[in-house]
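> sequence unavailable; structure follows:
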């Protein structure tokens, strides 16, 4: 599939985790670190903690609670944000992402950070990356009360920002999110094939795929 050219775009919507920032931080925290710390905090066997954490998380997959630190702090009786701060050394840009954002500053585009992340997580990641200095216009799905996987989120965003849908592009690593945006009339989608630097590329056939986003701006500026 052909990758859209930024010269055809008026508004660029950018996901955060797995698109601009390495998803390794989130995958490591939710799939490994949380159940280890949960076992320590609640003084229970590691296998039992792992099973409980994973089964509890799975019940909210695809829902807004899946992305809500307040919900999980209450559910697991731990301070999720405090635990995340214990592994902030893993928060980093994906390869080429910082260069991509720096190049965008010289282009005549409306650029909006559109994320499912809770506001406290956004603040934490900004603290370690300076992301919001480069992308000050930001919307969290928690502002709308519905995750990006639902078309209702995109209809609300289109209305709120008066988006010109035929010249709007979304870059995201979540196929369900890209499909919802497409169904809502957003013309262009671009998928990240390797959102986690520690994992293999995920095969995607529904959308154009790119990993080093700096190539997108370099081609537009050349």
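Structure received. On a predicted model such as this, the values are computed, not experimentally measured, just so you know.
> I'd like the distance between the nearest residue to residue 185 once chain neighbours are set aside and residue 30.
In space, and not counting its chain neighbours, residue 185 is closest to residue 165: 4.4 Å by Cβ to Cβ, 6 or more residues apart in numbering. All C-beta atoms are positioned from the backbone trio N, CA, C, and that covers glycine. Residue 165 sits 33 Å away from residue 30, going by Cβ to Cβ, to the nearest Å.
> with neighbour numbers in mind, choose between the two.
A count of neighbours by other Cβ atoms under 10 Å puts residue 30 above the other of residue 165 and residue 30, at 17 against 14.
> assign the more buried one to helix, strand or coil.
helix (DSSP: H, G, I helix; E, B strand; the rest coil).
> for it, what are its contacts?
Residue 30 sits next to residue 57 when contact means Cβ atoms under 8 Å, 6 or more residues apart in numbering.
> re the thing from before, right, and the residue nearest to residue 185 touches residue 158 too?
Yes - applying Cβ atoms under 8 Å as the test, residue 165 and residue 158 come out as touching, 6.4 Å apart.
> name the residues contacting each of those two.
With Cβ under 8 Å, 6+ apart, residue 165 and residue 158 have common neighbours 184, 185, 186.
> can you say which of those residues are buried?
184, 186 (16 or more other Cβ atoms under 10 Å).
> how close does residue 107 get to residue 162?
Distance from residue 107 to residue 162, by Cβ to Cβ: 20 Å.
> higher neighbour count, those two?
The neighbour comparison of residue 107 against residue 162 (other Cβ under 10 Å) goes to residue 107, with 14 against 7.
> wait, is that one part of a strand?
No - assessed by three-state DSSP, residue 107 does not belong to a strand; its assignment is coil.
> per the record, what domains does this protein have?
6-22+92-221, 25-89 (automatic domain parsing).
> which strands and helices lie in contact with the top helix by length along the chain?
Ranked by residue count under DSSP state H, the longest helix found in the chain is helix 46-58. Under the contact definition 3 or more Cβ pairs under 8 Å, 6 or more residues apart in numbering; DSSP states H and E, helix 46-58 sits against helix 34-42, helix 69-76.
> residues of the shortest one that come out buried?
Buried positions in helix 69-76, judged by neighbour count with 16+ other Cβ under 10 Å: 69, 71, 72, 73, 75, 76.
> could you dump these into JSON lines and include distance to residue 194?
Shown next, in JSON lines, are the buried residues of helix 69-76 (distance: Cβ to Cβ, whole Å):
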{"residue": "69", "distance to residue 194": "26"}
{"residue": "71", "distance to residue 194": "29"}
{"residue": "72", "distance to residue 194": "26"}
{"residue": "73", "distance to residue 194": "30"}
{"residue": "75", "distance to residue 194": "31"}
{"residue": "76", "distance to residue 194": "30"}
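> right, and out of the residues you listed, which lies closest to residue 96?
residue 69 (28.4 Å; Cβ to Cβ).
> which residues sit in contact with that closest one?
80, 81, 84, 118, 120, 121.
> quick one: it from residue 124, how far?
Distance from residue 69 to residue 124, by Cβ to Cβ: 9 Å.
> what touches both of the two?
81, 84.
> and residue 107, what pLDDT?
What the model reports for residue 107 is a pLDDT of 88.
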